[in-house]
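*Asks:* Got a predicted structure plus its sequence, pasted below:
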Amino acid sequence: MTRSPADFCPAEFIAFAHELADAAGAAIRPHFRKLAGIEIKGDHSPVTVADRAAERAMRDLIEARYPTHGIFGEEFGTVRGDADHVWILDPVDGTKSFIAGLPMFGTLIALAWQGNAILGIIDQPILRERWLGARGQPTTFNGAPVRSNAACTTLATATLFTTSMEMFADTAERERFQALAEKTRIRRYTGDCYAYGLLASGFADVVIDSEVKPYDFAALVPVVEGAGGRITDWEGRPLSMTRNSRVLAAGTAALTTAASALLAG
């Protein structure tokens, strides 16, 4: 019986995703801890020469190998967005950390099939750490299977990450997050995509972000779910590859239930 990508991710796409991550890393590393090539985009977020070089490298490879596939990238937009297969790229997720010289950023690569993420990579090119999540397979870290922390089922024992308190611009949203944070054991305010990799490896238990774009979270879905965790919006609903979302990731279903009860508006 022939299986569809809804059930598993073909090996050729997994191998190609590794090629994309390798190319992005090669484009990023020469610019790390260099202060040149920093600009501010129209939405007031920073962008660097590394962001653009890494996305160009990945897009060139996709166009050469899979010219009928779509591409949705942070820096250079969308082509063939209605294709069955769409590669979703964030070349440097955590540009502020990159600019500050912190290796707490990553390259995010996702492959969506008919709007569902079937493959995701979180790649930290400086530390050379890579999480891979693929439909039908356990998540791996540098090739070895990893699992979220199944022993953490209460907020009182949880380690929580969020990228920054600055993202909670709405007062009610900030109050909900703070009500949740106060119930956790350890709180860390940095990480971007790197925190979700730590969740997949069992070191973080809950990760919260607000109003992030699909290229920020598409790759995280297979990584977190393949490690046994859950990733939803704040109300506990599945994330959509076509709209921004407030993201809640947790290592166990019990933590998702407890966190969403405090976050849901």
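*Replies:* Nice, I can see it.
*Asks:* rest of the way, CA atoms for contacts and neighbours
*Replies:* Noted.
*Asks:* Okay, strands next: where are they in the stretch 1-150 of the chain?
*Replies:* Along the stretch 1-150 of the chain, the stretches classed as strands by DSSP state E, counting those that start in this stretch are 38-40, 46-48, 70-73, 77-79, 85-93, 106-113, 116-124, 129-134, 140-141, 144-145.
*Asks:* what bits of this structure have low per-residue confidence?
*Replies:* Applying pLDDT under 70 to the chain flags residues 1-4, 265.
*Asks:* Please, where are all the helices along it?
*Replies:* Applying DSSP state H to the chain gives helices spanning 11-28, 49-65, 95-99, 171-181, 193-200, 214-217, 220-226, 253-263.
*Asks:* what sits up against the last one?
*Replies:* Applying C-alpha atoms under 8 Å, 6 or more residues apart in numbering, the external contacts of helix 253-263 come out as 152-155, 173, 176-177, 179-180, 206, 229-230, 234-236, 248-250.
*Asks:* hmm, which of those are the buried ones?
*Replies:* Burial by neighbour count, 16 or more other C-alpha atoms under 10 Å: within the contacts of helix 253-263 this picks out 152-155, 173, 176-177, 180, 206, 229-230, 234-236, 248-250.
*Asks:* From those, which land in strands?
*Replies:* 206, 230, 248-250 (DSSP state E).
*Asks:* Closest one of these to T139?
*Replies:* The shortest approach to T139 among these belongs to R230, at 12.9 Å (C-alpha to C-alpha).
*Asks:* Quick check: that closest one touching A249?
*Replies:* Yes: counting by C-alpha atoms under 8 Å, A249 is a contact partner of R230 at 5.6 Å.
*Asks:* OK, contacts around A150?
*Replies:* A150 sits next to 202, 251-252 when contact means C-alpha under 8 Å, 6+ apart.
*Asks:* Show me what the nearest residue to A134 once chain neighbours are set aside is bridged to.
*Replies:* Nearest residue to A134 in three dimensions, chain neighbours excluded: L119, at 4.3 Å (C-alpha to C-alpha, 6 or more residues apart in numbering). Beta bridges link L119 to L111, A134, judged by DSSP bridges.
*Asks:* Help me confirm that L119 comes into contact with G136.
*Replies:* No: the criterion here is C-alpha under 8 Å, and L119 misses it with G136 at 9.8 Å.
*Asks:* ok, back up a step: how much space separates the residue nearest to A134 from G191?
*Replies:* L119 sits 21 Å away from G191, taking C-alpha to C-alpha, to the nearest Å as the criterion.
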